[in-house]
Structure formats: structure tokens, C-alpha cells
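Asks: give the three-dimensional model of this entry:
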Amino acid sequence: MQKIIMNSQIEISRDGLKAYMTLLEKDKNNNNIEKTIDEIKSIIKVGLNIEKVKKVLYDGITNERIQIAEGIPPIDGKDGYIKYNFDIKKKGTPKILEDGSVDYKELDIINNVAVGEILAEIIPPQEGKPGKKVTGETIPYKRGKEPKINYGKNVYLSKNNNALIAKKSGLVTFINNKLVVLDVYEVDNVDNSVGNINFDGTVIVKKNVLNGFKITAKGDVQVNGIIEGGYIENTGNVIVKRGIQGYNKLVVRSLGNITSKFIENAKIISEKDIYAEMILHSEVSCKGSVNLYGRRGLIVGGVVRSGKEICAKTVGSVMHTTTILEVGIDPEIKDRLENIKHEINVKENELKKIIKTYKLLERLKKANRLDNKKDQLYKKVEKTKIVLMEELERLNNEYMQLNKQIMSITEGKIKVLDVVYPGVKVIIGNSSFTVREEMKRCTFYIEGGEIKIGTY
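Replies: Numbering: from 1, shown residues only. Next up, the predicted model:
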């Protein structure tokens, strides 16, 4: 926009934010300067630099385009956005250990979340501020965009619409650009490509869990192939469709049932029941029942402990392989009893050495031959002796109580549908029986503190 005022040209920029003045001809007598200033003021209402205008007019600066005003630009609003409370760019990089080495099994590729956890905060757009043209007209600002909220399974929007929250515990991820929480995590193999799994839900392995890798899950674990020297610890059930090869290591510790085609050279611990077609040279224990099913239903070698019952088709082998079956005792109680026995032996040996030292120092004390250093040692040894005696008394009391508990066991059975071979040792409570001759279709139970043998 251009306008001629007296002998001056006033030009306003297209966006209305700047005004320029060009003096076309000097007013020789300065007669019209004040009138020109008033007319300029009537047009330019925002950001006018009146001193510049006066300088141009009074100094007679002709034919020079001079900026005399600047408006107020608008401040656009800021777009809203979503602030995620988890790492959305996890790439499965190996864990760096304190010594600088790299653990390629700990790839940390899962974002675990708990039920009720805030997954993302929705930050609303910020308001802007309108501007002013030099002519006084308002310049509108550009409003910030609302954030795009896209969520799906097991995720919900909070009541005040400012957060996305997990409806279940599990894996938070994006599927088709939707934020979801999966309570089932599926992988092909547990190997170097995946690393160890720590998941707050159910884990399904389509193939195998390889040697040295582990799964920790707050839910069920299903392995459609085999566990080959891997490790599983979970709160739900464990199903291994093909079997477990343990390489004589602890392979499964579960709060639920454990089901496997076979268990070989493995240590297995369950808080409930164990089901398998074969248990070979393994250490298996559970608080519930051990059930051997299928065509073979076989237990050979190792130790099988059950809090309630062991049912199998065949136990032992024609080679008289040593096989131990133990029922009626909570495996944790048995382990605690063995640990206490070991502790008692250690403490008794320590006490013998302390008493020997104490008696020596006591003789010196009676002969007034203890200097300050030895006197301090004497007091320390005396205190240690008292502490050890108190600990031994506590351990012996606990041992006797647990032993009474085991001796009072009247329940627990071992049922064998087909044959029990010589070399099998049966333990029920505190009683034991070793099979010397081949036996068929029998049930072992306890009565009157002795193990009895009945028909299947």
C-alpha cells in the first residue's frame, strides 16, 4: 500500500508489519511539517518512530526510503505432543558390564509395564498471541495442533484426557502406529537374536530356548520346541512341548505346573504339579504330584520328590539304575532340613576350635599371664563362644521340629502301573524301602511308621 501525504510517500509492506517514508521534495519553509506528521499519525497507529519522521522532514532527506514504523508480529501457538514414559527406540543393544565386557545375552529389548502405569502424557497445544499491523489492525495467530492420540489393546485414556494408561501388565509397543500393551510376548527362538527375556506376562517361544539363555516371566511360559540348557523362572505354568535337556543344571523354577514331553539331566522345581512322559537322570521336586503319562510313563535315575504323590508306569531299569522316589514331604522342608544339618556341622566345628582357644586363654587368665592384647582376645573369644552356643541351640531346635514334622507324615503314595525294577529306593516321610526284586502293579504307602506295598 502506498499513499502520498503532502510531499511524502508512505509505503506499508504487504504483511502490514513495516512502514516506510520517502520524502519527495523538501519543505523549504517547514510550513507543512506538523500537518504532515499529524496525517502520518492518522495512518500509522502502531510502532511509529516519530523521531525518525521528524528527522526526515526537518533535515530534508529526500528520495531515501526510510523505515519509520514496525508492527507487532503474531506468536503462533505451539503444537501439542505426546510424551512417552518409556524408551520408544529400544534397539536391543548388548549390556555393557562394569569391567567393560559385553553381555550379548542381555539385550534389553522389552519395555515392561505394570497395570495402571502411565504410558504417555498428552501435552495440549499452547495458545499463541495475536499481532498488530502498523495500521492498528489485528493479525491472527496460527493455532497449535492437537496431538494425534492413537491407542489400542489394553490401553485407555484417563478421565481428564491427559494420559494413556496400561489396562494390564505386559509389553508396551506400537502395532500399526497404535500404542498397545501385549500380555503375550512371542519369539521364534531364545538365542543371541533375542537375548534373555524378562517379561510381565505370558511368553510363547515358537521353537527352542538355547543353552545359557533365560526367561523370567510373570505369567505362563510355553516352549513349542525344547529347552536346551536354558533357564525358566515364572509365576504361571510352564509347557514344553518337545522336552527339556538340562545338562545337569537347574532349568525350570515355577510357581505353577510344569509339563514337558521329557526331562533329562535337569533340575526342575515346581510349587504345584509336574507332568512328563519320561524323567531321566534328573532331580525333580514339587509340592503337588508328579505324574508320568503317555506310552512310556518312565522314571529312570536321579531323584524325584513330591509333596503328595508320584504316579508312573515304569520306575528304574533292568540295569538296576539307582532311582530315588520320595513323597509326603514338602521339598522345601527337606532342603531346609539338609541345610540346617550342614549348618549344625559347621557351627559345631567352629565351636570346638573356639572352646579350645577359650580354655587355653582361661588357664593363662587364672595364672595372671594375660596382657592387654590377650585379655581383649579372651573377651572376644568368650563372646563368640556364647553366640555360637545360642545359634546351635536355635538350629537344633528347628532341626528337631522339622524332623518331628517329617516323622508324623502319614500321607503320600507312589503308584506304579507296570513295573518297578531293583535299585529303586522309596522314601515316605522318615521311612525308606529299597526294591530288591522286580515288582509289578503296586502302590507304596506308609502305615504305622512303615512303608507298605499294596496293589495298584
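Asks: tell me which element Y275 is part of?
Replies: Per DSSP states H and E, Y275 falls inside strand 274-286.
Asks: show residues contacting that strand.
Replies: 246, 257-273, 288-307, 331 (CB atoms under 8 Å, 6 or more residues apart in numbering). The C-beta positions use only the backbone N, C-alpha and C, and glycine is treated the same way.
Asks: and the residues you listed, which are buried?
Replies: 246, 257-271, 273, 289-292, 296-307, 331 (16 or more other CB atoms under 10 Å).
Asks: that older thread, for the next helix or strand after the strand holding Y275, give the mean pLDDT please.
Replies: Counting by DSSP H and E, the next helix or strand C-terminal to strand 274-286 is strand 289-292. Per-residue pLDDT over strand 289-292 has a mean of 93.
Asks: partner strands of the following helix or strand past strand 289-292, parallel or antiparallel?
Replies: Next in sequence after strand 289-292, counting helices and strands by DSSP H and E, comes strand 298-306. Applying DSSP bridges, strand 298-306 is found paired with strand 274-286 (parallel), strand 309-315 (parallel), strand 323-327 (parallel).
Asks: mind putting the ones you listed into TSV with mean neighbour count, mean pLDDT and distance to G429?
Replies: Putting the strands paired with strand 298-306 into TSV (neighbours: other CB atoms under 10 Å; pLDDT from 0 to 100; distance: least, CB to CB, whole Å) gives the following:
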stretch	mean neighbour count	mean pLDDT	distance to G429
strand 274-286	23	95	16
strand 309-315	22	95	14
strand 323-327	23	95	9
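Asks: of the ones you listed, which is nearest V134?
Replies: strand 274-286 (86.2 Å; CB to CB).
Asks: domain assignment for the chain?
Replies: 2-70, 81-128+142-182, 186-331, 333-407 (automatic domain parsing).
Asks: report the beta-bridge partner residues of Y151.
Replies: Here Y151, judged by DSSP bridges, has bridge partners L179.
Asks: list the contacts for it?
Replies: 157, 164, 178-180.
Asks: swap the cut-off to 6 Å and go again
Replies: Residues near Y151 by CB atoms under 6 Å, 6 or more residues apart in numbering: 164, 178-179.
Asks: and V53, by the same measure?
Replies: Applying CB under 6 Å, 6+ apart to V53 gives the contacts 40, 68.
Asks: doesn't it belong to a strand?
Replies: No - going by DSSP: H, G, I helix; E, B strand; the rest coil, the assignment for V53 is helix, not a strand.
Asks: and it, how far from S169?
Replies: 71 Å (CB to CB, to the nearest Å).
Asks: could you dump the strands paired with strand 298-306 into CSV with distance to I82 added?
Replies: Below are those laid out as CSV (distance: least, CB to CB, whole Å):
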stretch, distance to I82
strand 274-286, 46
strand 309-315, 55
strand 323-327, 57
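Asks: which one of those lies closest to E186?
Replies: strand 274-286 (23.3 Å).
Asks: among the contacts of Y151, name the buried ones.
Replies: 164, 179.
Asks: those strands in the stretch 301-450 of the chain, which residues are they?
Replies: 309-315, 323-327, 413-420, 424-428, 431-434, 439-447, 450-455 (DSSP state E, counting those that start in this stretch).
Asks: I'd like these as JSON lines, with distance to G116 appended.
Replies: Below are the strands of the stretch 301-450 of the chain laid out as JSON lines (distance: least, CB to CB, whole Å):
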{"stretch": "strand 309-315", "distance to G116": "41"}
{"stretch": "strand 323-327", "distance to G116": "43"}
{"stretch": "strand 413-420", "distance to G116": "45"}
{"stretch": "strand 424-428", "distance to G116": "47"}
{"stretch": "strand 431-434", "distance to G116": "51"}
{"stretch": "strand 439-447", "distance to G116": "49"}
{"stretch": "strand 450-455", "distance to G116": "53"}
